[in-house]
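# show me the folded form of this:
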Amino acid sequence: MKEVKMRRYQNLLTVSGLGVIAFGLWSVLKTFLLLILRNDMREQMFEKMPNELLVKVIVYVILAFLVLTDFGIRLFVGLSARAEGFGKKKGYAYIVFAILIALSSLGSLLLLIFGSNPDESLLELTVSTIVEVTNLVVMIELLVAAFTVKKLKKEISEV
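Below you'll find the predicted structure:
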């Protein structure tokens with residue numbers, strides 16, 4: 001019976017890992033599109049800074065570093081979850097990062113709900129909230145599956 005439950009949670013871990021990677025790709029795409037399509041966002045970023053090319057390049061490099069770091073962490077979590085879902089032994093590092101992503105997602109969700117920008121349309125706010133809730137649910141599913149798989153592996157190996 002434990003083997004059936006284990007297989008179910010391994011499958012959930014595999015699917016959740018793909019979801020984490022997909023949300024990482026979405027994060028990169030969203031940032032890129034916001035910078036390209038929204039002039040008001042670019043103007044806000046640079047309104048108090050001198051209009052020098054070097055300052056803009058530094059800001060874009062830092063932003064790219066942050067976005068790619070976020071994607072790298074999500075890729076690590078997603079690939080590790082998938083590997084464990086397929087039966088490979090993984091440590092707890094990816095779970096720690098998954099917890100950090102879930103906490104960050106919860107913080108983003110709270111900011112969306114309670115600190116919404118008055119310039120943002122209701123449609124933008126609604127879509128952002130739905131995406132953030134979905135991201136949080138995927139992270140929670142991944143965490144539940146990861147802890148359950150680790151627990152069941154331990155129980156099965158003790159028998």
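
# and the lowest mean pLDDT element among the helices and strands of the chain?
helix 39-46 (a mean of 64; mean pLDDT, DSSP states H and E).

# and the helix or strand just after it, which residues are buried?
Downstream of helix 39-46, the next assigned helix or strand under DSSP states H and E is helix 53-85. Within helix 53-85, the residues scored as buried using 16 or more other Cβ atoms under 10 Å are 67, 70-71, 73-85. Where you see a C-beta, it was placed from the backbone N, CA and C, and this is true even at glycine.

# and stretch 25-41, by the same measure?
Across stretch 25-41, burial judged by 16+ other Cβ under 10 Å covers 27, 31, 35.

# quick one: that stretch to chain centroid distance?
16 Å (Cα atoms, centre = their mean, to the nearest Å).

# ok, and what's touching it?
By Cβ atoms under 8 Å, 6 or more residues apart in numbering, the residues outside stretch 25-41 that reach it are 42, 60, 63, 67-68, 70-71, 74, 119, 131.

# distance-wise, check Phe114 relative to Lys2.
Phe114 sits 43 Å away from Lys2, going by Cβ to Cβ, to the nearest Å.

# do Tyr60 as well
Relative to Lys2, Tyr60 is positioned 51 Å away (criterion: Cβ to Cβ).

# just the element for the nearest residue to Val133 once chain neighbours are set aside, please.
Nearest non-adjacent residue to Val133, counting by Cβ to Cβ, 6 or more residues apart in numbering: Leu109, 6.5 Å away. Following DSSP H and E, one finds Leu109 within helix 93-114.

# enumerate the positions of that helix that are buried.
94-95, 97-98, 101-102, 105, 108-109, 112.

# which strands or helices does it pack on?
Contacts defined by 3 or more Cβ pairs under 8 Å, 6 or more residues apart in numbering; DSSP states H and E place helix 93-114 against helix 53-85, helix 122-158.

# would you turn those helices into a markdown table with mean pLDDT?
Below are the helices and strands packed on helix 93-114 laid out as a markdown table (pLDDT from 0 to 100):
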| stretch | mean pLDDT |
| --- | --- |
| helix 53-85 | 92 |
| helix 122-158 | 92 |
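
# out of those, which gets nearest to Phe23?
With respect to Phe23, and counting by Cβ to Cβ, the nearest of the helices and strands packed on helix 93-114 is helix 122-158 at 4.9 Å.
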